[in-house]
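Student: sequence and predicted structure, then a few things I'm wondering about:
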Amino acid sequence: MAEPAKSSPLSELRIALPSLPMRLQEVGRFVAANDYDATTRSMRDLAAVAGADPAAFTRLAKAIGYSGWDELRAALTEARRPLQLAPFSVRAKSRRHGPNADVALVTDKLDAEAAGLLRIPAQPIAEAARALHIAKRIWITGYRSCRSVAELLNYELRLFRPDQVQIVGGSGPDDLDLGAFRPGEAVIVIGFLPYTHASVRVVQAAYRAGATLIAIADSVAAPMAEGADHVLLFEAASSPGFFPSLTGAIAIAQSLAAVTFSLGGTAAKKRLQDTEVRLAAASTYVSEKG
C-alpha cells in the first residue's frame, strides 16, 4: 500500500502514544482531538483547557522527537495547509492505442482490484466487528464518493439492528449527531486521499466523546486513522483509472456486516427474519417468475 513520504505530526503522535507516560498520553490525546486549537492558541491557553501544566506540552513535543512545543506547533500548522492539487486528473493517463486497448485497461483494473483484496488482512476486520457487536449504537460516516460505502454498511447492519445504526447527518445537520456521540458507542469513518474536513470533524467528535473509533482508510497516516481504536486499510491508489478504487472499502464494509451478524447469533437472525417479513408485506421486491 502506498504511504506518504513523510508521516504527519498527528500520525507520529498517535504511534507514540502507547509508549508515553500516562499524563503525556492525556495531553497527546488532547492535542490529537484539538489540532486546530493547538495551532491557533497559546500553550498556556491550551493547558488551561486541558487541565494540564503548560510544561507538559513541551515534554510531549520532545517525547515524539521535536525540539519543543514551538517546533511541533509549526509542524501541525504546516500539516493543516490545504493541498493544491488535482487529485483525479493527475491519475489520468493517455488513452492506449491498439484494437484491444480498452479491454486491456479493463483487465488491468480487474487484476489490480483482485490483488488489492487479497492484501486486506482479515484479523483487524474481525476485531472491529467484535467492537461493533458490543456497541450500544453504531454511527457511520463517509463523505462524497465514500458516502456510497457508508450507505451500504448502514443498510446491511440495519437489516438486523434497525434501532441501533445511523448515518451521521442522515436525519439532519451533521453537528447535531456529533454532539450525540457517547461512550460505549462506535463511530465508523470511511475515507481516502484527498480527505474531507468533515470526516476529520467526525473523528474529533468521536474522540472527545470517548466512543470507539473505527477507520476504514487508505493509509495509517489518514486523518481518520489518528487515534483510531481500529484501522482497516484498503488500497485506493493502486488500481488504474482516473478515480481511486473503493472496491477494498466495500469489501471491508460487507465483511464487518457479515461478522457482526454472525456474532449476534439467534437474536440477530430473528431480527433479520422480522425485517424480511416486513419487506415482504410491503411488496418491496419483484416476484420471481416460474
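Tutor: Perfect, I can see it now.
Student: going by C-alpha atoms from here, please, whenever you check contacts or count neighbours.
Tutor: Fine.
Student: list the buried ones in the host helix or strand of residue 256?
Tutor: Following DSSP states H and E, one finds residue 256 within helix 247-281. For helix 247-281, the neighbour count (16 or more other Cα atoms under 10 Å) marks 247-250, 252-257, 259-261, 263-264, 268, 271-272, 275 as buried.
Student: and that helix, what does it pack against?
Tutor: Packing contacts for helix 247-281, counted by 3 or more Cα pairs under 8 Å, 6 or more residues apart in numbering; DSSP states H and E, involve helix 101-118, helix 122-134, helix 147-158, strand 212-217.
Student: at 10 Å what do you get?
Tutor: Helix 247-281 sits against helix 101-118, helix 122-134, helix 147-158, strand 186-191, strand 212-217, strand 230-233, with contacts defined as 3 or more Cα pairs under 10 Å, 6 or more residues apart in numbering; DSSP states H and E.
Student: that one vs helix 122-134, what angle?
Tutor: With axes from the mean of the first three to the mean of the last three Cα atoms, to 10 degrees applied, the angle from helix 247-281 to helix 122-134 works out at 40 degrees.
Student: run the angle between helix 247-281 and strand 212-217 for me.
Tutor: 120 degrees.
Student: count of residues packed around the closest residue in space to residue 246 that isn't next to it in sequence?
Tutor: In space, and not counting its chain neighbours, residue 246 is closest to residue 236: 6.2 Å by Cα to Cα, 6 or more residues apart in numbering. For residue 236, the count of nearby residues is 24 (other Cα atoms under 10 Å).
Student: next: residue 48.
Tutor: 11.
Student: what strand or helix carries it?
Tutor: Going by DSSP H and E, residue 48 is in helix 43-50.
Student: got the angle for the helix or strand that comes right after that helix vs helix 43-50?
Tutor: Later in the chain than helix 43-50, the nearest helix or strand by DSSP H and E is helix 54-63. In terms of direction (the same axes, to 10 degrees), helix 54-63 departs from helix 43-50 by 100 degrees.
Student: in this structure the residue nearest to residue 246 contacts residue 113, no?
Tutor: Yes. With contacts counted by Cα atoms under 10 Å, residue 236 reaches residue 113, the gap being 9.2 Å.
Student: output the below-cut-off pLDDT ranges for the stretch 151-290 of the chain.
Tutor: 289-290 (pLDDT under 70).
Student: try it again at 90.
Tutor: 169-177, 179-180, 193-198, 200-201, 204, 207-208, 218-228, 235-245, 276, 278-290 (pLDDT under 90).
Student: and for residue 25, nearest residue in space, chain neighbours not counted?
Tutor: That would be residue 17: by Cα to Cα, 6+ apart, it lies 5.6 Å from residue 25.
Student: quick one, what contacts the one you found?
Tutor: 11, 24, 25, 26, 27, 28, 29, 60, 63, 64, 227 (Cα atoms under 10 Å, 6 or more residues apart in numbering).
Student: report pLDDT for the second one.
Tutor: Going back to what we said before, that points to residue 24. pLDDT, residue 24: 91.
Student: for the helix or strand hosting it, packing partners?
Tutor: Counting by DSSP H and E, the element that carries residue 24 is helix 22-33. Here helix 22-33 is seen to pack against helix 9-16, helix 35-40, helix 43-50, helix 54-63, helix 69-79, helix 197-209 when contacts are counted using 3+ Cα pairs under 10 Å, 6+ apart.
Student: can I see the domain layout of the protein?
Tutor: Here the domain parsing of the chain from automatic domain parsing is 9-85, 123-281.
Student: can you read off the pLDDT for the residue nearest to residue 25?
Tutor: Note for residue 17: predicted pLDDT of 85.
Student: picking that back up, and of the helices and strands packed on helix 247-281, who's closest to residue 34?
Tutor: Smallest distance to residue 34 across the helices and strands packed on helix 247-281 (Cα to Cα): 16.0 Å, for strand 212-217.
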